[in-house]
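A.B. asks: below is the sequence, then the predicted model.
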Amino acid sequence: MDKFIEKLKNSKKLIIVEGPKDKKALEQLGIKNIITLKKPLFSVVEEVALKTKECIILTDLDPTGKRLYSTLSRDLKKHGVKVDKSFREYLFKETKLRQIEGITSYLKKLNQ
């Protein structure tokens, strides 16, 4: 998991999360370049497309987060933005973490 966090920190890619608690949790780990879904999805897609050609979507791994991921991914691709799925796939396959906002407490439990 530490390698995962380091890769996220060192990535220059824009990271999309659902809300302010998710953003705060990642910032506590030293991860920057994060935007939240505080606007309508089409606005977020347009903003991301103007800023970058590649991004990471870290929505929660619950049904709502999966729907958001699917919609964002599809719409970003239409705007020519490549979505890096590797981080999300890692969380699904290698951890029990299902909400991004819980990442700091999850890491604390792992490191005990």
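C.D. replies: Happy to help now that I have it.

A.B. asks: report the beta-bridge partners for Glu54.
C.D. replies: Lys82 (DSSP bridges).

A.B. asks: touching, it and Ser86? I think so.
C.D. replies: No. If you go by Cβ atoms under 8 Å, Glu54 and Ser86 don't touch, sitting 11.6 Å apart. From N, CA and C alone the C-beta is placed, and that goes for glycine too.

A.B. asks: ok, these two, which is more surrounded?
C.D. replies: Higher neighbour count among Glu54 and Ser86: Glu54, with 14 against 11, using other Cβ atoms under 10 Å.

A.B. asks: which residues sit in contact with that one?
C.D. replies: Counting by Cβ atoms under 8 Å, 6 or more residues apart in numbering, Glu54 makes contact with 13-14, 81-84.

A.B. asks: which of the residues you listed are buried?
C.D. replies: With neighbours counted by 16 or more other Cβ atoms under 10 Å, these contain buried members at 13-14, 81, 83.

A.B. asks: need the pLDDT of the most centrally placed residue in the chain.
C.D. replies: In the chain, the centroid-proximal residue (Cα atoms, centre = their mean) is Leu58; its distance is 2.1 Å. Looking at Leu58, its pLDDT stands at 95.

A.B. asks: over to Glu6?
C.D. replies: Taking Glu6 on its own, its pLDDT is 89.

A.B. asks: and what of Glu46?
C.D. replies: On pLDDT, Glu46 comes in at 96.

A.B. asks: which strands and helices sit next to whichever strand or helix holds Ala25?
C.D. replies: In the assignment (DSSP states H and E), Ala25 maps to helix 20-28. Counting contacts by 3 or more Cβ pairs under 8 Å, 6 or more residues apart in numbering; DSSP states H and E, helix 20-28 packs against strand 14-17, strand 34-36, helix 103-110.
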